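[1] Sequence plus the predicted model coming up.
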Amino acid sequence: MAKQQYKAVALLSGGLDSTLAVRVLQDQSIHVEAINFYTGFCVEGHTHAIRRQDQNKVKRNNALWAAEQLGIKLHIIDVIEEYKPVLLAPRHGYGSHLNPCLDCKSFMVGKALHWMQEHDFDFIITGEVIGQRPMSQRRDTLPVVARESGAQDRLLRPLCAKLLPPTLPEREGWVDRERLHAFNGRSRKPQMALAQHYKITDYAQPAGGCCFLTDASYSHKLADLWQARHRRDYELDDIMLLKVGRHLRPSPDFKMIIGREEGENNFLEGYRHAFIHLRTPDCTGPLVLIDGQPSHADLELAARITARYCKNRDQARVRVQITPPDAAAWELDVAPLAADAIPAEWLL
Amino acid sequence: MNRHTLDARRLLCPMPVIRAQARVAQLQAGDILDVVCTDPGAKNDIPAWCRMHGHRVLAIDEHNREITISLEVGSGE
Ligand code: SF4
């Protein structure tokens, strides 16, 4: 009788570790398919799709690209809505910024468990390595993920499995534990060596983590959004806009999102229907969106700031057009604000 | 064979792929889906996704920052 082929679903980010985890199991004739969860915060095409200076870089989704190199199917799953409670009220709190890594990992493995059951797969694999990340990948937190996700011993981490108690696939002999790994700590050397062994040369290297929530400036802007709205919540458009432009908050009542170059201006144009927007009709300048409830005086200040970022900023007066989303445009003739008149604390 | 259109304009990578994936799941083999998007990343991502799931990209057209990727739905394997 032919040996049964077991099936594993992999959490694939496209980074080296998750790619290697898949490769190690492929070596053991396991059928692997991958899933990738899109929370809205993932470090992916956005920023380089927006900024014009980056238009010539290769734009590709890291997970899709890695899956194709590995010769496996990838399923990208939208979890934007379901992710909200994970980020807004994480049971285990946040990492160094607004990254709820431990809850996030449990959530994702839990979703993978559902997928596994629905598609008749046998177990789940991740590229986690003990000691690699301060919050979610410690010896004491790896079991938390296995437990809280519900995956229990159907969760296998091929890169550090030998340092952990044997999981179901190992005990049942679906995979050979001896041919798994014992990687530990922050050194990347064992991964590099294994990559070389498998001739994997091109992979994504995200700095810091897999999502924007590990970024200090992004987290600051998100916290500001919650504070200004007096509630912790967000829509996809909110979190996209936090990735684009210069954000200035001159008052608690309103915030300005200022396009820094043509690509960003084009992107912000897509939001004109929902925000008051400002521009300088007589010269090249930014497209500015206003988020909040500005008074007339606030709009005058916003116009002076807009003028400060346009090409005619050295002139005495600049014409600024103000267009509400549902009313006719009107104009202000203003003196551009001096660069040193913009306090550093306005910048988010 | 039916022809359908998916508006994925203004959506950023990987949303166009996610929307295309959901739409294709409702279509029959042989149907054609025109995905209209504005994120240039889709020019790589949608064809890559099609290759791995057995769908065929028929054409990629680009006009004024709008990209239309036409794909023919495969039989599922
Ligand atoms: S870095 Fe972001 S995506 Fe990765 S585990 Fe932490 S919160 Fe989740």
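    Everything's here; your move.
[2] shaky segments in chain A?
    A:1-3, A:44-59, A:206-209 (pLDDT under 70).
[3] And the helices in it?
    Ranges of helices in chain A, per DSSP state H, are A:16-26, A:46-50, A:62-70, A:80-88, A:101-118, A:142-148, A:168-171, A:189-197, A:216-229, A:236-241, A:262-269, A:296-308.
[4] Could you dump those into JSON lines with distance to chain B and mean neighbour count added?
    Just so you know, the C-beta spots here come from the backbone N, C-alpha and C atoms, and that holds for glycine as well. Below are these laid out as JSON lines (distance: least, CB to the nearest CB, whole Å; neighbours: other CB atoms under 10 Å in any protein chain shown):
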{"stretch": "helix A:16-26", "distance to chain B": "13", "mean neighbour count": "24"}
{"stretch": "helix A:46-50", "distance to chain B": "5", "mean neighbour count": "20"}
{"stretch": "helix A:62-70", "distance to chain B": "5", "mean neighbour count": "24"}
{"stretch": "helix A:80-88", "distance to chain B": "9", "mean neighbour count": "16"}
{"stretch": "helix A:101-118", "distance to chain B": "13", "mean neighbour count": "20"}
{"stretch": "helix A:142-148", "distance to chain B": "24", "mean neighbour count": "19"}
{"stretch": "helix A:168-171", "distance to chain B": "24", "mean neighbour count": "19"}
{"stretch": "helix A:189-197", "distance to chain B": "21", "mean neighbour count": "14"}
{"stretch": "helix A:216-229", "distance to chain B": "15", "mean neighbour count": "17"}
{"stretch": "helix A:236-241", "distance to chain B": "7", "mean neighbour count": "18"}
{"stretch": "helix A:262-269", "distance to chain B": "7", "mean neighbour count": "19"}
{"stretch": "helix A:296-308", "distance to chain B": "23", "mean neighbour count": "20"}
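[5] Turn these into CSV, including distance to residue B:28.
    Listed next are those as CSV, based on distance: least, CB to CB, whole Å:
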stretch, distance to residue B:28
helix A:16-26, 31
helix A:46-50, 32
helix A:62-70, 24
helix A:80-88, 28
helix A:101-118, 22
helix A:142-148, 40
helix A:168-171, 37
helix A:189-197, 41
helix A:216-229, 42
helix A:236-241, 30
helix A:262-269, 36
helix A:296-308, 51
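[6] Name the residue closest to the centre of chain B, please.
    Nearest to the mean C-alpha position of chain B, counting by CA atoms, centre = their mean, stands residue B:35 at 4.4 Å.
[7] my guess is that residue meets residue B:43, correct?
    No - Residue B:35 lies out of contact with residue B:43 (CB atoms under 8 Å); the separation is 10.6 Å.
[8] Would you mind splitting chain A into its domains for me?
    A:7-212, A:244-346 (automatic domain parsing).
[9] To the ligand, which of those domains lies closest?
    domain A:7-212 (3.1 Å; CB to the nearest ligand atom).
[10] For residue A:134, the count of nearby residues, please.
    12 (other CB atoms under 10 Å in any protein chain shown).
[11] Find the residue closest to residue A:92 in space, skipping its chain neighbours.
    residue A:102 (4.1 Å; CB to CB, 6 or more residues apart in numbering or on different chains).
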